[in-house]
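> 3D model of this:
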Amino acid sequence: MKIIRNRSVKWKITLWLTLLMALLSGLLLMFMLTISRSVTTRTSMNQLSQTMRDNASRIAYTDGRLQIGGGFQFSVGGVSTLVYSRGGALMAGQLPVAFSTDESFENGSLRTVSAGGNRYLMLDLWIPSGWEDGVWLRGLLELPEDRYAANNILRMAAVALPLFILLAAVGGYVIVRRSFRPLDQISATASAISEAKDLSRRIGLPPGKDEFSRLAETFDSLFERLERSFEAESQFTADASHELRTPVSIIKGACEYGMKYDETAEERKETLEMIHRQTVKMSELITQLLSMTRLEQGTELPEMAEVDLTALAESVVEEMAAEYGEERLQFVSVENAGASNTMRTGESDMRHDFSVVRGDADLLTRLLRNLIDNGFKYGRPGGHVWVSVSAENGEVLLKVRDDGIGIPAEYQEKIWQRFYQVDPSRGESSGAGLGLAMVSQIARLHDGSMSLESAPEAGSVFTLHLPAYLPETFGF
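Sure, this is the predicted structure:
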């Protein structure tokens, strides 16, 4: 059993198939031996009955005279036909060698008798002549010995069955090997990925509904998710190490300066304020990086629900106006005539506003806050930001417009990248360059997109495009 356990699955399946075929062959042999006697006896009985009926139609006994017509056969195919008088005297025919019996005549009785150590089938037929006279026809057919038939079957089985089992084993192995070819491909790909540490490789089996195709699809999905996880981890590590280097260096330098030189109270306060600003910046950076990584890996899934984008925007603008000033941050109402749908159902009305979308309110709030913060950070000193919501061509548009210095056309595609800043000379107040990258990411999670209209000295308009949410239509 230990040898079997150490074998491959293909070898085990082939072995079990071979054993099954051997078992079935043995059962078939036993069945053949069991029915061979019955088949032989039935065939002999049919042969004897047919021969006796043919001979009975060609014989007559009239006025004490026996008349045998043409075609009557006393011995044919092992069947011996004997003609007896009414009193049991043999009139024609020849008894088989070593046959002697005192069996009485029974008209139409087909039976088995033993004589001289052999077994015979016997059939008697009465050929009448008038009311009282007539002759007996007796047919005899020697039955073959059972052991001879069994020996013949066993001799044939001794030659045929091993060859049959060998062919079944070879054929079974070929079929199993061919069937397991996709599994070999899965194993080889997994080994190659493990050795080369290349998670971009895929098994790539043709689509199908069999178990191996589904297994390959599962592994490909697993490899894809692992690849995204490792890429997100590598990206997070690279981003964090790159962006944290500057604030850490500033904090380290401030601490070393404070320990080396005697500072006045005012200098110590400035040093602590600088350390605090860098600590806050590091905390915000790590929080943003973690959020983006969780969204990319799918560990932070959006909780989709109906969201009124107009109400959400008004709420965010009201909260942030306390920080930036109501005169600088405003929500602009946009008329959307005919953009709302009303459906009357009996006594109640169901109204769907044009600005309702399906999304995660927290993520959409984060997106809007990032856009507003970006408008003030990169706008003119004392500049303004306007927020509006509108509907157009089956989309809900959330627009954030500023009157800042604008963004040159050659930089507009790059601003969605992580840590990219058009004007990095603004210093600490300019942020880490993650805000717009997160905005783009949140838009994609909502099956939406971002667009930008901007020109130098003409301000910028950032627009979120989201598919309008339409409730199910019910028939009444």
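
> The nearest residue to residue 385 once chain neighbours are set aside sits in which helix or strand?
Among residues not flanking residue 385 along the chain, residue 375 sits closest, at 4.1 Å (Cβ to Cβ, 6 or more residues apart in numbering). Glycine gets a C-beta too; all of them are placed from N, C-alpha and C. When elements are assigned from DSSP states H and E, residue 375 belongs to helix 361-377.

> Quick check: bridge partners of the nearest residue to residue 92 once chain neighbours are set aside?
Leaving aside its chain neighbours, residue 92 sits nearest to residue 83 (4.0 Å; criterion: Cβ to Cβ, 6+ apart). The bridge-partner assignment for residue 83, based on DSSP bridges, gives residue 92, residue 137.

> For residue 83, give its distance to residue 384.
135 Å (Cβ to Cβ, to the nearest Å).

> Residue 186: neighbour count?
19 (other Cβ atoms under 10 Å).

> thought it was touching residue 219?
Yes. Here residue 186 reaches residue 219: they are 6.1 Å apart, a contact under Cβ atoms under 8 Å.

> how big is the angle separating the helix or strand containing residue 451 from helix 361-377?
Assigned by DSSP H and E, residue 451 belongs to strand 449-454. Angle of strand 449-454 versus helix 361-377, following axes from the mean of the first three to the mean of the last three Cα atoms, to 10 degrees, is 10 degrees.

> From residue 105, how far out is residue 87?
Residue 87 is 10 Å from residue 105, by Cβ to Cβ.

> The two: who's more crowded?
residue 105 (15 against 6).

> Not counting sequence-adjacent ones, nearest residue to residue 443?
Distance criterion Cβ to Cβ, 6+ apart; nearest residue to residue 443, sequence neighbours excluded, is residue 450 at 5.0 Å.

> so what's that neighbour bridging to?
residue 464.

> can you count the residues close to it?
The number of residues packed near residue 450 is 20, by other Cβ under 10 Å.

> ditto for residue 155
Residue 155: 10 neighbours (other Cβ under 10 Å).

> got the phi/psi numbers for it?
phi -60, psi -40 (degrees, to the nearest 10).

> returning to that earlier point: what's the distance between the residue nearest to residue 443 and residue 378?
Residue 450 sits 16 Å away from residue 378, going by Cβ to Cβ.

> now stretch 382-390, how far from the chain's geometric center?
Averaging C-alpha positions (Cα atoms, centre = their mean, to the nearest Å) puts stretch 382-390 50 Å from its chain's average.

> Revised request: answer the last question for stretch 47-57.
Taking Cα atoms, centre = their mean, one finds stretch 47-57 lying 68 Å from the centre of the chain it belongs to.

> Which residue ranges of the stretch 201-350 of the chain form helices?
Along the stretch 201-350 of the chain, counting by DSSP state H, counting those that start in this stretch, helices occupy 211-260, 265-297, 309-324.
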